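Participant: When you get a sec, could you give me coordinates for this:
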Amino acid sequence: MLRSYYNIDAIEAGLDEAGRGCLAGPVVAAAVILPKDYTHEWLNDSKQLNHQQREKLRLEIERDAIAFAVAEASNEEIDQINILKASFLAMHRAVDDLNLRPEHLLIDGNRFTPYPLIPHTCIVKGDAKFLSIAAASILAKTYRDDLMVKLASEFPHYRWEQNAGYPTPFHKKAIKEHGFTPFHRLTFRSEINPKTSSPSSK
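Facilitator: You can find the predicted model right below:
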């Protein structure tokens with residue numbers, strides 16, 4: 001069973017992101033504040049759950065959370081400032097969008113750019129330890145997956161509805177055949193070495 005809180009005396013928001021390892025699309029972050037006495041039998045790291053479980057949990061989290069917000073940093077911003085800083089930027093934006101100001105942030109991972117005037121604690125594999133971080137991981141993942149499905153309708157060659165922009169063999173092959181779209185992260189070109197690096201709208 002995951003823990004309900006880190007500090008019982010503070011309003012805590014769990015933060016996590018999705019899409020850091022992708023070749024296309026934004027990085028998406030979520031911030032979630034859950035009730036102090038919140039429990040859930042199978043709420044866990046989004047990577048440990050299947051699509052149907054994540055979708056069911058998404059509805060429950062949005063219903064039960066005291067506050068939640070989802071935000072993103074675009075592929076252009078990733079290219080400009082690098083993926084790590086863009087992940088932190090998306091997390092800051094998610095905190096900005098909360099309708100309740102947290103007093104403490106729980107961050108999944110071992111690094112974070114401090115948010116002004118709110119202390120934070122970094123927790124390695126926090127999405128498998130704290131309910132609020134696990135909830136944030138699910139909201140970030142499901143939001144981003146939905147976004148990539150929509151983008152896939154504009155750029156069907158890359159099968160983003162299946163790979164969500166991750167570097168699958170098919171995705172890499174499609175980039176080599178069709179080039180980059182306006183949603184690809186061009187700083188990741190060296191991983192692909194396509195025939196062309198110019199954006200494509202095919």
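Participant: where does E77 land on pLDDT?
Facilitator: Looking at E77, its pLDDT is 98.
Participant: my guess is it meets L89, correct?
Facilitator: Yes. The criterion here is C-beta atoms under 8 Å, and E77 meets it with L89 at 6.7 Å. C-betas here are computed from N, CA, C, even on glycine.
Participant: Which residue ranges of the chain form helices?
Facilitator: Applying DSSP state H to the chain gives helices spanning 51-64, 75-81, 83-97, 131-154, 160-163, 169-178.
Participant: partner residues bridging the residue most central in space within the chain?
Facilitator: For the chain, the residue sitting closest to the mean C-alpha position, by C-alpha atoms, centre = their mean, is A18 at 2.3 Å. Per DSSP bridges, the residues bridged to A18 are V28.
Participant: Could you check how far it is from D37?
Facilitator: 27 Å (C-beta to C-beta, to the nearest Å).
Participant: With F183 instead?
Facilitator: Taken as C-beta to C-beta, the span from F183 to D37 is 41 Å.
Participant: How about S137?
Facilitator: With C-beta to C-beta as the criterion, S137 and D37 are 21 Å apart.
Participant: Same drill for the two, tell me which one is more crowded.
Facilitator: S137 (30 against 7; other C-beta atoms under 10 Å).
Participant: Leaving out sequence neighbours, find the closest residue to G25.
Facilitator: G165 (4.2 Å; C-beta to C-beta, 6 or more residues apart in numbering).
Participant: what about the one you found, how many neighbours?
Facilitator: Neighbours of G165 using other C-beta under 10 Å come to 26.
Participant: Sketch out the low-pLDDT regions of the protein for me.
Facilitator: By pLDDT under 70, the low-scoring segments of the chain are 190-202.
Participant: Distance to E103 added to the helices of the chain, as CSV?
Facilitator: Formatted as CSV, these follow (distance: least, C-beta to C-beta, whole Å):
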stretch, distance to E103
helix 51-64, 20
helix 75-81, 28
helix 83-97, 12
helix 131-154, 13
helix 160-163, 38
helix 169-178, 41
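Participant: between the ones you listed, which one is nearest to F112?
Facilitator: helix 83-97 (6.1 Å; C-beta to C-beta).
Participant: and the angle for that closest one with helix 131-154?
Facilitator: If you take axes from the mean of the first three to the mean of the last three C-alpha atoms, to 10 degrees, helix 83-97 sits at 110 degrees to helix 131-154.
Participant: Now do helix 83-97: distance to the chain's middle.
Facilitator: Relative to the centre of its chain, helix 83-97 is centred 10 Å away, using C-alpha atoms, centre = their mean, to the nearest Å.
Participant: Going by neighbour count, list what's buried in that helix.
Facilitator: The neighbour-count check on helix 83-97 (16 or more other C-beta atoms under 10 Å) flags 83, 86-95 as buried.
Participant: helices or strands next to that helix in the packing?
Facilitator: Packing contacts for helix 83-97, counted by 3 or more C-beta pairs under 8 Å, 6 or more residues apart in numbering; DSSP states H and E, involve strand 12-18, strand 27-33, strand 67-73, helix 75-81.
Participant: which residues touch the first one?
Facilitator: Under the criterion C-beta atoms under 8 Å, 6 or more residues apart in numbering, residues 5-6, 27-34, 46, 67, 87, 90-91, 94-95, 98, 102-108, 126-127, 130-137, 140-141, 143-144 lie in contact with strand 12-18.
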